[in-house]
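Peer 1: Got a predicted model here, sequence first, then my questions.
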Amino acid sequence: MASPTMAQGEARAVFGLPFAEPPGPDTWLLGQVYGNTTGAFARRREWYRAGQGIHFGIDFSARCGTPIVAIGDGVVLKVDAPEHGSAPHNLLIAHPNGYVSLYGHLLERPPLRVGQRVRRGQVIGLTGDPDLTCNSRPHLHLEIRDRTLGRAFNAHRLIDADWDALMLVGAFGRGFQRDLDDPRKWQSVYDQPDIRFGRPLINEFRNTWPRDWN
């Protein structure tokens, strides 16, 4: 299986959304987007340090038990891998194009086995809640990584969806933290940077807005 080699500016939308149903208040809504969001920035040292300080996936808000589908054809790589977090349950699927999709905060252990083939649009799990309450913050956390699992890509560039429309509704703010020394950097959902796990923070800005209270 090849590794993704496309430069960030050449990424193509090769995957689908992780839900079969259309978005809406009774199905699912876009939660926190990928990137240097203001919320992730505020927690960059405690929650997101491993991902260089940014939110390295996309969160989709949905009630517990909402069916999740595979975003592309592939083979189950890992089931309930604690080293990747996203409790209480997670799933990783390796795709023929060299990418790996990670589905986190699942309600229960997915009914799949390592090595099993899955098809795009196939139900692979159910949304859960990292707080185990199903009324705190139920959502799906979705990441797209390379085959080494050491790099996370801006999933908005790889999933075919109308992100501009999806960002119009939802409980999360849509703002990105500004580096006032370079105020246009990382201000679009499409230009958020890929990251490498375990590397230094990339957003320790000297001058920033909203104000950094840390």
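Peer 2: Here it is on my side, so go on.

Peer 1: residue ranges for the helices of this protein, please.
Peer 2: 38-42, 163-166 (DSSP state H).

Peer 1: Pull out the buried positions in the last one.
Peer 2: Applying a neighbour-count criterion of 16 or more other Cβ atoms under 10 Å, one finds W163, L166 buried in helix 163-166. In this view, the C-beta of every residue, glycine as well, is placed from N, C-alpha and C.

Peer 1: Pull out the buried residues from the top strand by length along the chain.
Peer 2: Counting by DSSP state E, the longest strand found in the chain is strand 139-146. Buried residues in strand 139-146, counted by 16+ other Cβ under 10 Å: H139, L140, H141, L142, E143, I144, R145, D146.

Peer 1: Then stretch 104-123?
Peer 2: G104, H105, L106, L107, P110, L112, V118, G121, Q122.

Peer 1: Next one: the residue nearest the centre of the chain relative to D181, how far apart?
Peer 2: Nearest residue to the geometric centre of the chain (Cα atoms, centre = their mean): G57, 2.0 Å. Using Cβ to Cβ, to the nearest Å, we find G57 at a distance of 27 Å from D181.

Peer 1: and stretch 55-67, how far from the chain's centre?
Peer 2: 9 Å (Cα atoms, centre = their mean, to the nearest Å).

Peer 1: Does Y103 touch I58 like I think?
Peer 2: No: with contacts counted by Cβ atoms under 8 Å, Y103 stays clear of I58, the gap being 11.0 Å.

Peer 1: what touches both of these two?
Peer 2: Common contact partners of Y103 and I58 (Cβ atoms under 8 Å, 6 or more residues apart in numbering): H141, L142.

Peer 1: helices and strands around the longest strand of the chain, which ones?
Peer 2: strand 58-62, strand 99-104, strand 151-152 (3 or more Cβ pairs under 8 Å, 6 or more residues apart in numbering; DSSP states H and E).

Peer 1: Out of those, which is closest to D129?
Peer 2: strand 58-62 (10.2 Å; Cβ to Cβ).

Peer 1: and for that closest one, what are the contacting residues?
Peer 2: 18-19, 27-34, 127, 137-143, 155-156, 159, 170-172.

Peer 1: now do 6 Å
Peer 2: By Cβ atoms under 6 Å, 6 or more residues apart in numbering, the residues outside strand 58-62 that reach it are W28, L29, G31, Q32, Y34, T127, H139, L140, H141, L142, A155.

Peer 1: Compute the distance between the residue lying closest to the first one once chain neighbours are set aside and D181, please.
Peer 2: If I follow you right, that is W28. Nearest residue to W28, sequence neighbours excluded (Cβ to Cβ, 6 or more residues apart in numbering): A62, at 3.9 Å. Note on A62: its distance to D181, by Cβ to Cβ, is 38 Å.
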